[in-house]
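# Okay, sequence plus prediction incoming.
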Amino acid sequence: MRRQGWILVATVALGLWFFISIEPVLMPFFVSMVLAYLGDPLADRLEDMGLSRRLSVSVVFLLLTLVIVLTLLLVIPLLGRQIGQVVQLLPAALDWVQATVLPEVRSLTGIDLGTDFDQLRQALLDNWRETGTFAATLLAKVSQSGLALAAWVGNLALIPVVTFYLLLDWDILVAKVRGSLPRHWEPAAVRLAGECDEVLAAFLRGQLIVMLCLGVIYAVGLTLLGVKFGLLIGLLSGLASIVPYLGVIVGISVAGVVTFFQFGDWLMLLAVGGVFGFGQLVESTVLQPKLLGDKIGLHPVAVIFAVLAGGQLFGFTGILLALPVAAVVMVVLRYLHEHYKNSTLYDSGRRPQDEESP
């Protein structure tokens, strides 16, 4: 038994080493796996309605493609224009801070931040001007490297192909993995897999819908108020909502500064607060109970720690993977805690027959 345990540990370590070694080529497969996981329930439902698996997968694949393409065509041009406006208005915003805000701070606190702000302003303007040059230089270097450009395009083209075949054989792959498990491990493994599936489904489907709805509420509300960059601020706030309360904090702070700079009216600031307050009300009373409930069960502090730890260890990829991995780890820890509470290690007076009794 001990030998089998060491073989299992060595196999897991070898697998981790292998995946870390090929990490640069995993991106299209990871994205395809997420898309296939999100689309499989809909494909199963179409199968239950009488469609063949191939036809069901084709319909789901077409819907996913349409959603992604329409999002890119509609949102990216608008975001591009608003980002361009931010670039143009940055010097004016910095001049306003220097001429209006700093004198107020000096009169209220007696602290003169003029010299430090001048240095910060110059650094920001220099780097901001260099952004376009840097992007052009980077694009030129990528274009000159035919191999790198071909690899990038190839990885991008792999995503729809791999997604289609994963969707087509998803149930077969799951059945083969289950059939390969040791027989005495299968009940516990299937139970854990089912709980992990519930948590991941709640997160990937529920949390993404919550983020999208909040982004739309914030973007539409700010745009109707006439706030500049309302679409950009709203969507970024929705994305930041992956961390509890971060989206509303970031959104109301940025929108408040932009609104005050644009209108100089305290009533407009209250209106901006009302937009974000309405979003939080909808999230707490409708979106969270209906889409997430208590399936994830991650404490807000645990969410913040997971995101920061993932970013520190694996960069942007770690941030994306932090919460799904944390949710799975939570399920495993809950399972281990349950066994620990029923073990003699927790209660030395427990008799063996007590552990087997319900």
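Alright, I've got the coordinates.

# what about the helices in the stretch 151-300 of the chain?
Counting by DSSP state H, counting those that start in this stretch, one finds helices in the stretch 151-300 of the chain at the ranges 170-180, 186-201, 208-224, 230-240, 246-263, 266-282, 300-341.

# okay, residue 2: pLDDT?
The model reports residue 2 with a pLDDT of 63.

# ok, now residue 133?
With respect to pLDDT, residue 133 has a value of 47.

# okay, and the helix or strand of the protein with the least pLDDT?
helix 352-356 (a mean of 48; mean pLDDT, DSSP states H and E).

# between the helices of the stretch 151-300 of the chain, which gets nearest to residue 52?
Residue 52 lies closest, by Cβ to Cβ, to one member of those: helix 170-180, at 13.1 Å. Backbone N, C-alpha and C define where each C-beta goes, glycine included.

# pLDDT weak spots in the stretch 251-358 of the chain?
291-300, 314-318, 320, 346, 348-358 (pLDDT under 70).

# any idea which helix is longest in the chain?
Assignment by DSSP state H gives helix 53-96 as the longest helix of the chain.

# After that one, which helix or strand is next? Please name it.
helix 102-109 (DSSP states H and E).

# Quick one: list the elements packing against that following helix.
In this structure, helix 102-109 packs against helix 114-144, with contacts taken as 3 or more Cβ pairs under 8 Å, 6 or more residues apart in numbering; DSSP states H and E.

# out of the helices of the stretch 151-300 of the chain, which comes closest to residue 36?
Using Cβ to Cβ, the nearest of the helices of the stretch 151-300 of the chain to residue 36 is helix 170-180, at 5.8 Å.

# what does that closest one rub up against?
Residues from elsewhere that reach helix 170-180, judged by Cβ atoms under 8 Å, 6 or more residues apart in numbering: 36-37, 40, 43-44, 53, 166, 186, 189-190.

# Could you pull out the buried residues of it?
By neighbour count with 16 or more other Cβ atoms under 10 Å, helix 170-180 contains the buried residues residue 170.

# How far off centre is that helix?
28 Å (Cα atoms, centre = their mean, to the nearest Å).

# Spatially, which residue comes closest to residue 25, not counting chain neighbours?
Closest residue in space to residue 25, ignoring its immediate chain neighbours: residue 155 at 7.4 Å, by Cβ to Cβ, 6 or more residues apart in numbering.

# residues near residue 278, how many?
13 (other Cβ atoms under 10 Å).

# how much space is there between it and residue 258?
Residue 278 sits 18 Å away from residue 258, going by Cβ to Cβ, to the nearest Å.

# again with residue 325
Counting by Cβ to Cβ - residue 325 and residue 258 are separated by 35 Å.

# Show me which of those two is the more surrounded one.
residue 258 (21 against 15).

# ok, residue 222 touching residue 255?
Yes. Checked against Cβ atoms under 8 Å, the pair residue 222 and residue 255 is within contact range at 5.9 Å.

# got any residues that touch both of the two?
230, 233, 272, 275.

# Give me the neighbour count for the nearest residue in space to the last one that is not next to it in sequence.
The shortest distance from residue 275 to any residue that is not its chain neighbour, by Cβ to Cβ, 6+ apart, is 3.4 Å, and that residue is residue 221. For residue 221, the tally of surrounding residues (other Cβ under 10 Å) stands at 20.

# Likewise for the one 4 residues further on?
Burial of residue 225 is recorded as 17 neighbouring residues (other Cβ under 10 Å).
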